[in-house]
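1. I'll drop the sequence and a predicted model, then ask my questions.
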Amino acid sequence: MADSPTEVARILYKEIVAGDLRKILAKSNDSKTGGGARDFRFGSYKILLPVIKRMFPLTVKEKRKRNGKAVDIEVYKGEFSWYNSQGDIVRKDSFFEPPTDVRPSEGRIARVHEYECFGVNHVSAGGEGNRVLLLLIQLKNGSVWPYYAEEETLRTPGKWNALVADELISCLDAVRPVTRAVIGYRDFTNTERYCNGK
Amino acid sequence: MENSFSRDCIDALKLLTRSRNVLISGPPGTGKSTLLAEVALAFESSYGVAVGGGPPQLVPAGGIPIPPTEGGNAAQSIPAPTKNDRKIFRTVFHQNSKYRDFVSGVTPVVNNSTDGSGFTIVKGTLYRASEHAKGNNGAALLIIDEINRGPAVQVFGGAIVAIESDKRLAPDGGKRAETQYFELLDPNTGDIVEYSLPHDLYILAAMNQADTSVDALDVAFLRRWEPLRLDPDENILRDFYGLGIKGDASLPDNSVDTASVLEASVRAWSSINEQISLGRGPEFQIGHGVLMSDVKPNTAELQEVLESLCVGWAKVRSHVEEVFFGDTRGIAAAINALDGPNYNPFKLGEATFADDIRFRLEGPRNFTVDNIYQSLRAFARE
């Protein structure tokens, strides 16, 4: 069976919370969302790492301040693809940074406000009963396409591919502490999956 | 992982979708266990075949990035296409397999930290698979290898009728007029209860039908399974050896290179299977897998290939001796030792015992790099 160039290999997803929306708008400067950092944080870093490495397959050295000192850290590098408003494909280097000592279980996609695909015009305000998930969709050809998914559309039969909708809904519905954002992945090339709820 | 599935795998999934119980049979070495593993992966991952109308596809320009896709023919070929909680249950039948282990029953408990010794009710493999498939969004594939190596009818017990496709519960878990119930010891309550099997429980079994060391399966039992037969396949062996299709050229007198040795192996294997089919029946043939390994032989040195063939052909020889056990002339015929060519290291000898003629197969005890090529050339009947 030949692969289709648009066939989805895996999806990494996380819930977009209010703090994330402020980061998209480059307005975040409150301590609850990590100071002024405009990044999307992903908990469960160690569990997600195999998938992160597939989506960000290269490593580069970056200078970061740690305990007041400039140090070289290894950052995972990949490429995001999306369509711009003219319908043209845009590709831009993407970076996934490993956890800091302060937040040892959280990796992050940095400088999200610099990517048009994360723009606020692509995401609804969300809310109770209509949570919003950020999807990093990796295709069989390796390209990674960021998208947002609204809970309401996922629960509407016939809107989404049933396998994808079932996977995301079951993780949305999983039991977890109310303070914990939904996060997980599903690899369609094998049976690997993760959801941070039960 | 492989991004595609074999034709046999797709066929098995289609049969499971249609009949729910599929029995793979074939001679040893035809890929039954490999196929079981492949179907398990396809079932559990639901990928590459179809789920919910086809594998997920990104449609970047639309509002929903991964909308439902048109499944085409593949949409009908995956069992329980809308079920997301898919699980594989595996068991292997053997002479000591019991109804208790497969369905439910009482078993002793020792070293229980709270109550000491006592008894408990086992949740058998069929029961656990059934319960999973009855769960919300659940589908289960139960794989039974070597199904004829245990007392299958006793192990299934009262479930033997209930496994039939049209005697299951409805897709929504409700009772149908045709639903067949059987009694079992409820592992949760300890009561005898009526039980039936769910719509999305699929059972895939495998057996070597011509296994001379086990009894044939009950015909009424076999009738409840959709058969899928695997046969020895010369093309698979040729692909593994890196050989093209069979040409007209005869085999050289001596083992001049790797290709000629491997060609002799294929031709000898085909010829022996023809003889087995004639003498004992096609179900007693030996599969291509017996001559395959993890190492591709066409990249190895000649000496290494010869040594490798000695190992594989020792198994073929054992198989021939087993299927013609007690029939020395049959063995000799299979390996071309009845008036065979002079270069065949094996000969059929005759002796007299109690005024009666006795046959005796004469030849090397084991294959070696010095005799394997001439043996194969002779077996190939060139």
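-> That came through fine.

2. which helices and strands does the helix or strand where residue B:11 lies pack with?
-> Element membership for residue B:11, per DSSP states H and E: helix B:7-19. Contact here means 3 or more C-beta pairs under 8 Å, 6 or more residues apart in numbering or on different chains; DSSP states H and E; on that basis helix B:7-19 packs against strand B:21-25, helix B:32-45, strand B:201-207, strand B:226-229. Every residue, glycine included, has its C-beta placed from N, CA and C.

3. angle of that helix against strand B:201-207?
-> Relative orientation of helix B:7-19 with respect to strand B:201-207: 130 degrees, computed using axes from the mean of the first three to the mean of the last three C-alpha atoms, to 10 degrees.

4. Wait, residue A:117 touches residue A:80, no?
-> Yes - taking contacts as C-beta atoms under 8 Å, residue A:117 lies within contact range of residue A:80: 6.1 Å.

5. so who does residue B:282 touch?
-> B:231, B:276 (C-beta atoms under 8 Å, 6 or more residues apart in numbering or on different chains).

6. closest to residue A:12 out of the helices and strands packed on helix B:7-19?
-> Evaluated with C-beta to C-beta, the helices and strands packed on helix B:7-19 place helix B:32-45 nearest to residue A:12, the distance being 17.2 Å.

7. tell me the mean pLDDT for whichever helix or strand comes after the closest one?
-> Past helix B:32-45, heading to the C-terminal end, the next element that is a helix or strand (DSSP H and E) is strand B:85-92. Average pLDDT, strand B:85-92: 93.

8. one step back: please compute how far the helix holding residue B:11 lies from its chain's middle.
-> Centroid separation for helix B:7-19 versus its chain: 14 Å, with C-alpha atoms, centre = their mean, to the nearest Å.

9. Can you mark which positions in that helix are buried?
-> Across helix B:7-19, burial judged by 16 or more other C-beta atoms under 10 Å in any protein chain shown covers B:8-17, B:19.

10. what sits up against that helix?
-> Taking C-beta under 8 Å, 6+ apart as the criterion, the residues outside helix B:7-19 that touch it are B:5, B:22, B:24, B:31, B:35, B:38-39, B:42-43, B:49, B:74, B:76-79, B:141, B:165, B:202, B:204, B:225-226, B:228, B:230.

11. what does stretch B:29-37 give?
-> B:6, B:8-9, B:12, B:24-26, B:143, B:145, B:204, B:206-208, B:230-233, B:236, B:286-291.

12. now do stretch B:39-47
-> For stretch B:39-47, contacts defined as C-beta under 8 Å, 6+ apart pick out A:163, A:188-191, B:1, B:5, B:9, B:12-13, B:16, B:48-49, B:55, B:78-79, B:81, B:86-88, B:90, B:139, B:141, B:143, B:202, B:204.

13. and whichever residue of chain A sits closest to chain B, how far is that from residue B:85?
-> Chain A approaches chain B most closely through residue A:162 (2.5 Å), counting by C-beta to the nearest C-beta. Per C-beta to C-beta, to the nearest Å, residue A:162 is found 13 Å from residue B:85.

14. circling back: tally of neighbours for the residue of chain A closest to chain B?
-> Residues within reach of residue A:162, counting by other C-beta atoms under 10 Å in any protein chain shown, total 22.

15. and what of the one 5 residues further on?
-> The tally of other residues near residue A:167 (other C-beta under 10 Å) stands at 23.

16. doesn't it fall inside a helix?
-> Yes - read with DSSP: H, G, I helix; E, B strand; the rest coil, residue A:167 is one of the residues of a helix.

17. Which pLDDT value goes with it?
-> Model confidence at residue A:167, given as pLDDT, is 85.

18. ok, and the closest non-adjacent residue to it?
-> Closest residue to residue A:167 in three dimensions, ignoring its sequence neighbours and counting by C-beta to C-beta, 6 or more residues apart in numbering or on different chains: residue A:186, at 4.7 Å.

19. list the helices and strands the helix or strand where that neighbour lies packs on?
-> Residue A:186 is part of strand A:183-187 when elements are defined by DSSP H and E. On a contact count with 3+ C-beta pairs under 8 Å, 6+ apart, strand A:183-187 meets strand A:8-16, helix A:45-55, helix A:162-173, strand A:193-195.
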